[in-house]
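Engineer: dropping the sequence and predicted coords here.
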Amino acid sequence: MLVRFWGTRGSLPFSLTPADIRHKLATALALAIARGVDSTEKARAFIDNDLDFSIGQTYGGQTSCVQIETGLDEFLVCDMGSGARAFGDHVMHTRGGGPITINVLMSHVHWDHIMGFPFFKPAYTRGAKIRIFGCHDVIEKAFRTQQAAPCFPVDFSQLPASIEFIKLDAGKSVEIGGCTVTPMLQLHSGDSFGYRLERDGKSVVYSTDSEHKLEDLAESLAFVKFFRDADLVIFDAMYSLLDAVSVKQDWGHSSALIGVELAQMANVGHLCLFHHEPGHTDEHIQSVLNETIRFEQLTRGTNRLHISAAFDGMEIKV
Amino acid sequence: MKMDIKNQSYGDVLVVSPVGRIDHATTEDFRSSLGRFVDRCRKGGESLILDLAGIDYVSSAGLRSFMLANKQAKTQGGVIVVAAMQPVVKEIFEISRFTLIFQTFDDVRGAIDSLSIAQPKTRQS
C-alpha cells in the first residue's frame, strides 16, 4: 500500500503568508551563504540535504484527506477535507476519460472533514461512482446541507456523479476498495471513527479527531488492540500533552506523546503525527516532531518506533 | 501493580518518595496512594515535595496524575514541588512542558530549604 496525504491540517485550512515565505527565504539564504553555496546544483543539494524541512518546505495547510493506494483501479480515501480538491484533480488526471470509482471512509462530518467535497471534480463527472462509507447516521445529511443554498451555489442534487452513502458498524470488518476495513469508535464531540485498513499482510490505521482519557486503562488497551502491530498509525497529534490534559481537555483531540505511548504498547512500526493545529507554524511542528522523536528514544523498549509529521504531498510506502 | 510510596515530614514540609515506574498500569494506584498526602497539602498544612529519585519513567497518564494533584493542592492553598528527578524523567518533564506547572529542584534538600524559607512569609501575609 502507498499512503498519500492530500490534507494534514486540523480544524481549518492554513496558508503561509508573504511574511512567512520571506522569513523562510531569509533564513535559508543566510544559511546558504554561511555554507558557501554558490551554484544552482549546490543550492538544490543544500535544500534537499541540509536545510530543515520547516525552513525549506512547509507542512501545508489543507484539512484531512488521506489516500490509500492499493494498486487496484478503485480509489480509497479517508475524509473529504479541503485536501480533497487536489485529490480530485489527481483522480481526473490519473483516469483521463476512463471509469472512476472512489471509496470514501468518513471519520465524522465536522466541517473540516467534508469541506473539500463541493470542490471535488469527480462529483461533477457523469459516470463517476462515489461510495461514501461511515458509521454516523448523519453523513448524507451533512454532505447535502453544506451544499444547500445560501451556503453554496451548486446543490448536492445537481451533482452528476453516482453518489451512494453506506453505513458501517464499529467493530465489524468489511471489504472496501481492496482492503479489509474495521471501524472503531473514538472519543470526539458527536463521535468519530478510526479505521484499520489491512491488505496483503500490511496494516494502516487512520485515527484522527480522537481524544484519549489517560486515566481509563480499558480505553487505552482497546486502542492498543486496534493499533496492534500496525505498519503505520496516522494519529491525531493536535495539542501538546500539557494542553491536552488541562485547558483543552474534552476538546476531542490528542497529543504526540500519547501517540508514542499507545504505539509503543501496540508494537507499531511507524507513527505519523497528523491533524496539526492550524495556529502552529512549520517551525513549531518541526519542534514537536523533534521532541517526539527524542521522547521515543527515551522510552524505547525493544523495538524502534519510526516517527514522522504528515505534510501535504507526503507519501509513505507500507 | 502496587506502588511503594515512602513519606517523611520535615516540619511543615512533607517529602513523598514513590519508587518504580508510573505508567498506564500503575498510575491509578499511584494516584490513590498520593491522594492522602495531597489532602494534607493545604494552606496552614504541609507543603509537598515529590521526590522522584526512585522513579525511572513517567508516562503521560502519570504526568496527568501529577497535574491533578497540583490542581487539588492549589485549590486548597497548598504547594507541590518536584525534586531529584532522574535524567530521563527530567527530560520527559521538559518535553511535555510540565516544568511550566511545577517548580523543580535538583535535590530534596534544596526543595526543603526553599519551602521552609517560603512558608513563614506565607503565614504572615
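Structural biologist: Perfect, thanks for sending it.

Engineer: show me what contacts the residue of chain B at minimum distance from chain A?
Structural biologist: Among the residues of chain B, residue B:61 lies closest to chain A, at 3.8 Å counting by C-beta to the nearest C-beta. Quick note: C-beta positions are derived from backbone N, CA and C, even for glycine. Residues counted as contacts of residue B:61 (C-beta atoms under 8 Å, 6 or more residues apart in numbering or on different chains) are A:214-215, A:220, B:22-24, B:27.

Engineer: please check those and keep the buried ones.
Structural biologist: A:214, A:220, B:22-24, B:27 (16 or more other C-beta atoms under 10 Å in any protein chain shown).

Engineer: could those residues go into CSV alongside pLDDT and secondary structure?
Structural biologist: Formatted as CSV, those follow (pLDDT from 0 to 100; DSSP: H, G, I helix; E, B strand; the rest coil):
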residue, pLDDT, secondary structure
A:214, 74, coil
A:220, 89, helix
B:22, 92, strand
B:23, 87, coil
B:24, 81, coil
B:27, 89, helix
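
Engineer: do a quick rundown of the strands in chain B.
Structural biologist: B:4-10, B:13-22, B:47-51, B:55-58, B:80-83, B:104-105 (DSSP state E).

Engineer: and chain A, by the same measure?
Structural biologist: Using DSSP E, strands in chain A cover A:2-7, A:65-69, A:75-78, A:101-105, A:129-134, A:162-167, A:174-176, A:179-186, A:192-199, A:202-207, A:232-236, A:270-274, A:306-309, A:315-317.

Engineer: so which of the strands of chain B is nearest residue A:169?
Structural biologist: strand B:13-22 (37.1 Å; C-beta to C-beta).

Engineer: the closest one pairs with which strands, and in what direction?
Structural biologist: strand B:4-10 (antiparallel), strand B:47-51 (parallel), strand B:55-58 (parallel) (DSSP bridges).

Engineer: and it, how far out from the chain's middle?
Structural biologist: 7 Å (C-alpha atoms, centre = their mean, to the nearest Å).

Engineer: what of stretch A:67-81?
Structural biologist: 12 Å.

Engineer: quick one: mean pLDDT for that stretch?
Structural biologist: Model confidence over stretch A:67-81 averages 97 on the pLDDT scale.

Engineer: in it, which residues are buried?
Structural biologist: For stretch A:67-81, by 16+ other C-beta under 10 Å, it's A:67-70, A:75-81.

Engineer: pick the most buried one from the strands of chain A.
Structural biologist: strand A:232-236 (a mean of 28; mean count of other C-beta atoms under 10 Å in any protein chain shown).

Engineer: what's that one in contact with?
Structural biologist: Against strand A:232-236 from outside (C-beta under 8 Å, 6+ apart): A:3, A:10, A:66, A:203-211, A:227, A:253-254, A:256, A:259, A:262-263, A:266, A:268-275, A:310, A:316, A:318.

Engineer: can you give me the helices in the chain?
Structural biologist: I'll assume chain A. A:18-35, A:40-49, A:53-56, A:84-95, A:139-146, A:217-227, A:241-244, A:256-265, A:282-299 (DSSP state H).

Engineer: please go with chain B instead
Structural biologist: So, for chain B - with DSSP H - the helices run B:27-39, B:60-75, B:87-95, B:108-124.

Engineer: need the winner for burial among the ones you listed.
Structural biologist: Counting by mean count of other C-beta under 10 Å, helix B:60-75 has the highest mean neighbour count of those, with a mean of 21.

Engineer: tell me what angle that helix forms with strand B:47-51.
Structural biologist: 160 degrees (axes from the mean of the first three to the mean of the last three C-alpha atoms, to 10 degrees).

Engineer: for helix B:60-75, list the C-alpha coordinates in CSV.
Structural biologist: Output of helix B:60-75 as CSV, limited to C-alpha atoms (Å, rounded to 0.1, in the frame of the first residue of the first chain):
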residue,chain,number,x,y,z
SER,B,60,1.5,10.7,30.0
ALA,B,61,-1.1,9.2,32.4
GLY,B,62,1.4,9.6,35.2
LEU,B,63,2.0,13.2,34.3
ARG,B,64,-1.7,13.8,34.3
SER,B,65,-2.0,12.5,37.8
PHE,B,66,0.7,15.0,38.9
MET,B,67,-1.3,17.7,37.3
LEU,B,68,-4.5,16.7,39.1
ALA,B,69,-2.6,16.6,42.4
ASN,B,70,-1.2,20.1,41.8
LYS,B,71,-4.7,21.3,40.9
GLN,B,72,-6.1,20.0,44.1
ALA,B,73,-3.3,21.4,46.2
LYS,B,74,-3.6,24.8,44.6
THR,B,75,-7.4,24.8,45.3
